[in-house]
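**Q** I'd like to go over a predicted model; first the sequence, then the structure.
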Amino acid sequence: MSNTETQPAEWKCGGPAVEVLTARQVPLGGPRAMPVRRTLPQRARTLIGAWCFADHYGPDDVSATGGMDVAPHPHTGLQTVSWLFSGEIEHRDSLGTHAFVRPGELNLMTGGSGISHTEVSTPRTTILHGVQLWVALPGEHRDAARDFQHYVPGPVRLDGGTARVFLGTLAGDTSPVRTFTPLLGAELSVDPGATVTLGVDPEFEHGLLVDTGDVRLDGTVLKPAELGYAAPGRAELTVTNEGPGTARLVLLGGPPFGEEILMWWNFVCRSYEEIVEARDAWMSGDRFGSVEGYDGDPLPAPELPRVPLKPRRNP
């Protein structure tokens, strides 16, 4: 997925027991833009572990919204993580990958020094619903080779719910997907009226994104589309579903990312000069390769701000 904002903000990434982060709505796509809810990055918090970007969308009736149609666009210095609750998305990239994103199946793409791709909801899709996440690559691996991984995690029964662990380790299950920093990514389902206690790594900070349900995280109320942030130091997280229906959540985690990074458009870099270089390379047709099989022109890069980008920090 591309960040299609025409004036994307710049972010330099580097309380309370549970910090509640609310989403802002951002249009994704062309004239019939599909709205997405973005909880990362924002001024209150720019990173959770190496997770640096979180879009949450749907459920959208594609006959009304037009669905997802994101033309060829570049990425550098990051990995993209695609996870669906319903619908289907066709993925093509400059590695030559042609794959599909389906509910309960992980697609992870490594941009490294540069990759381009497209994402289009398929004609079989009626309701599109899911999350798109980015992971910042650490400095020593930010020019890693382009890569694409696909994984289908099985359900893990919890006392009061179910987990599907697509990255890292949780509830005795470990994903085989390769990452460049320790990470946790899992979809959680919590039964009506149930409380689930999860053993977690105390060196990790965590974010719990609510898709559906009346939820409390360690006693703090979280509404749908909100993300609850829990700082390192916890060996357990307690999630309570107070509603009459099943709650669906996405749990993210990782150790605090110790490097300073600069985000702009679809690039994760270390300096303004690197962002300028990446943008110029995309507009000139170098470095990112081409995507075959998409009927349309690549996305042009937004204009850079007139003054050099300024970093922003987590509180």
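**A** Noted; the coordinates are in hand. Numbering: from 1, shown residues only.
**Q** Can you point out the buried residues in whichever helix in the chain runs longest?
**A** The longest helix of the chain (DSSP state H) is helix 272-284. By 16 or more other Cβ atoms under 10 Å, the buried positions in helix 272-284 come out as 272, 274-276, 278-279, 281-282. Any C-beta I mention is one placed from the backbone N, CA and C, and that applies to glycine too.
**Q** Next, format the residues you listed as a markdown table and append pLDDT.
**A** Below are these laid out as a markdown table (pLDDT from 0 to 100):
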| residue | pLDDT |
| --- | --- |
| 272 | 90 |
| 274 | 93 |
| 275 | 94 |
| 276 | 94 |
| 278 | 96 |
| 279 | 96 |
| 281 | 96 |
| 282 | 97 |
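**Q** pretty sure residue 98 is touching residue 91, no?
**A** Yes. In this structure residue 98 lies within contact range of residue 91 using Cβ atoms under 8 Å: 7.4 Å.
**Q** Neighbour count: these two, which is higher?
**A** More neighbours surround residue 91 than the other of residue 98 and residue 91, with 20 against 12 (other Cβ atoms under 10 Å).
**Q** So what sits opposite that one in the bridge?
**A** residue 99, residue 119 (DSSP bridges).
**Q** if I look at it, how far off is residue 27?
**A** Look at residue 91 and residue 27: by Cβ to Cβ, to the nearest Å, they are 21 Å apart.
**Q** and what of residue 261?
**A** For residue 261, the distance to residue 27 equals 25 Å [Cβ to Cβ].
**Q** who's more crowded, the two?
**A** Using other Cβ under 10 Å as the criterion, residue 261 and residue 27 rank with residue 261 on top: 26 against 14.
**Q** For the buried residues of helix 272-284, which two are the farthest from each other?
**A** Put simply, by Cβ to Cβ the two of the buried residues of helix 272-284 set farthest apart are 272 and 282, 15.9 Å from each other.
**Q** Flag the shaky bits of the stretch 201-315 of the chain, pLDDT-wise.
**A** The model of the stretch 201-315 of the chain has pLDDT under 70 over residues 310-315.
**Q** Please, where are all the strands along it?
**A** Using DSSP state E, counting those that start in this stretch, the strands of the stretch 201-315 of the chain run over residues 205-212, 215-217, 220-222, 227-230, 236-241, 247-254, 261-264, 267-269.
**Q** Packing partners of the second one?
**A** Taking 3 or more Cβ pairs under 8 Å, 6 or more residues apart in numbering; DSSP states H and E as contact, the helices and strands that strand 215-217 lies on are strand 220-222, strand 236-241.
**Q** who does it pair up with?
**A** Neighbouring strands of strand 215-217 in its sheet, by DSSP bridges, are strand 220-222 (antiparallel), strand 236-241 (antiparallel).
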